[in-house]
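>>> Provided below are the primary sequence and the corresponding predicted coordinates.
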Amino acid sequence: MAQMTMIEAIREAHDVAMAADDKVVVFGEDVGFFGGVFRCTAGLQEKYGKSRCFDAPINESGIVGTAIGMAAYGLKPVIEIQFADYVYPAYDQIVSEAARLRHRSHGDFTCPLVIRMPTGGGIFGGQTHSQSPEAIFTHVSGLKVVIPSNPRDAKGLLLAAIADPDPVIFLEPKRLYNGPFDGHHDKPIESWKKHPQGDVPEGNQIIPLGKAHIQREGADVTVLAYGTMVYVAEAAVAETGVDAEVIDLRTLMPLDLDTIVESVKKTGRCVVVHEATRTSGFGGELMSLVQEACFYHLEAPMIRVTGWDTPYPHAQEWEYFPGPGRVGEALRKVMED
């Protein structure tokens, strides 16, 4: 075990995968010489050379299209889009090519491709560096969607994604890169180096895709969260005193519905939390699934706490960001109903 930040854990996962398989190649915007805008690939070009870790032009469609061709011919590309906000020019390549290659070729070709992207707000990135686009990928058949919330999961899930034979969207909450964040922006920053989930196993320790983690056990209400919202939910639970079970989904597609259903049947209540905009967000899908599977076990209407239906504001960052105050309000309300 070693204490790591999420940045270091992601870098370690790249290193382990590249050392084990020379078919793994890493490229994208500034990932080579500079080591990535958040330094997640620092040192990989020096260690493995420019043929296995290199920079690409600022052309997201070209980066993804090139990676799809590499994957079809047997390589395992791990590419970085500098911010999730920049992925939209590549959306056609992801949806029409990467996600459908296995089905279109009747299994003759697969697409072992990982697309890494920093996601979410909380860093004053404004409209173009704060978006959470996970729902536009969960909607696409043929894609897996992963959002780790801590260094241990980041390494294990990234290794699982690289080993997967199909395309994986790997979204990294940028506010969690250096430490857990509970939504209290006026408090001193915490470090992963002092957090139990910053303790990362050495070597090729894979965490399977499609398996949620119960972050906190509880009996009164189930909170479904992922990414930064896991720690916001924990803070809200501590501040309200509600005995909530907090589930870190980790993988949105495939979704660990069994863990969710088991928890909701136990608690009888459910609150869903995500940072993305409310309308057509992944929270709506979660609520539908819970309603279908747990209708007769629910003792109160479900509640979701999300970002607002507006572009991410710069000047009003914390009015948009779903903090522990809003989550705590939802917990109190669901317990009153």
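Cool, the structure landed.
>>> quick one, domains of this protein?
2-200, 213-336 (automatic domain parsing).
>>> count of residues packed around Asp243?
Neighbours of Asp243 under the rule other Cβ atoms under 10 Å: 15. No exception for glycine: its C-beta is placed from N, CA and C like everyone else's.
>>> ditto for Glu299
When neighbours are counted by other Cβ under 10 Å, Glu299 registers 13.
>>> now do the one 3 residues further on
A count of nearby residues for Met302, using other Cβ under 10 Å, gives 23.
>>> Between the domains of the chain, which one is closest to Ile207.
With Cβ to Cβ, the closest approach to Ile207 among the domains of the chain belongs to domain 2-200: 3.1 Å.
>>> Scan the chain for its longest strand.
Looking only at the chain and at elements set by DSSP state E, the strand with the highest residue count is strand 270-277.
>>> How far does it sit from its chain's centre?
Here the centre of strand 270-277 is set off from its chain's centre by 14 Å, with Cα atoms, centre = their mean, to the nearest Å.
>>> And stretch 22-34, by the same measure?
20 Å.
>>> Tell me the buried residues in it?
The neighbour-count criterion (16 or more other Cβ atoms under 10 Å) identifies Val24, Val25, Val26, Phe27, Gly28, Glu29, Asp30, Val31, Gly32 as the buried residues of stretch 22-34.
>>> quick one: His297 and Gly268 touch, right?
Yes. Taking Cβ atoms under 8 Å as the contact criterion, His297 and Gly268 are neighbours in contact, 5.7 Å apart.
>>> Quick one: list the elements packing against the one helix or strand Met70 maps to.
In the assignment (DSSP states H and E), Met70 maps to helix 60-72. The helices and strands touching helix 60-72, judged by 3 or more Cβ pairs under 8 Å, 6 or more residues apart in numbering; DSSP states H and E, are strand 24-28, strand 76-80, helix 101-104.
>>> Of those, give the one that comes closest to Ile7.
Evaluated over the helices and strands packed on helix 60-72, closeness to Ile7 peaks at strand 76-80, with 12.4 Å, by Cβ to Cβ.
>>> ok, and for stretch 48-63, which residues are buried?
Under the neighbour-count rule (16+ other Cβ under 10 Å), stretch 48-63 has Tyr48, Arg52, Cys53, Phe54, Ala56, Glu60, Ile63 buried.
>>> ugh, wrong one, stretch 218-230
Taking 16+ other Cβ under 10 Å as the basis for neighbour counts, the residues of stretch 218-230 that come out buried are Gly218, Asp220, Val221, Thr222, Val223, Leu224, Ala225, Tyr226, Gly227, Thr228, Met229, Val230.
>>> do stretch 200-217 as well
Neighbour counts using 16+ other Cβ under 10 Å place Val200, Ile206, Ile207, Leu209, Gly210, Ala212, His213, Gln215, Arg216 of stretch 200-217 among the buried residues.
>>> Identify the residue nearest the fifth one in space, chain neighbours excluded?
For Gly210, the nearest residue in space outside its immediate sequence neighbours is Pro254; the separation is 3.9 Å by Cβ to Cβ, 6 or more residues apart in numbering.
>>> Pull up the per-residue confidence for the one you found.
Listed pLDDT for Pro254 reads 98.
>>> Equivalent analysis for Ala13, please.
For Ala13, the pLDDT comes out at 98.
>>> ok, it touching Asp153?
No. The pair Ala13 / Asp153 is not scored as a contact, 10.6 Å apart, by Cβ under 8 Å.
>>> Between those two, tell me which one has more neighbours.
Under the neighbour definition other Cβ under 10 Å, Ala13 and Asp153 were set side by side, and Ala13 has more, 28 against 22.
>>> Doesn't Pro57 belong to a helix?
No. Assignment of Pro57 by DSSP: H, G, I helix; E, B strand; the rest coil gives coil, placing it outside any helix.
>>> so which strand or helix has Thr306?
Remark: Thr306 resides in strand 303-307, with elements defined by DSSP H and E.
>>> quick check: angle from that strand to strand 270-277?
Angle of strand 303-307 versus strand 270-277, following axes from the mean of the first three to the mean of the last three Cα atoms, to 10 degrees, is 20 degrees.
>>> Check which residues of whichever helix or strand comes after strand 303-307 are buried.
Moving toward the C-terminus from strand 303-307, the next helix or strand (DSSP H and E) is helix 317-320. Applying a neighbour-count criterion of 16+ other Cβ under 10 Å, the buried positions in helix 317-320 are Glu317, Tyr320.
>>> and what of stretch 161-177?
Applying a neighbour-count criterion of 16+ other Cβ under 10 Å, one finds 161-164, 166-177 buried in stretch 161-177.
>>> Filter the residues you listed down to the ones in strands?
When these are checked against strands using DSSP E, the ones located there are Val168, Ile169, Phe170, Leu171, Glu172, Pro173.
>>> Surely the third one and Pro118 touch.
Just to be clear, that refers to Phe170. No. Counting by Cβ under 8 Å, no contact exists between Phe170 and Pro118, whose distance comes to 10.3 Å.
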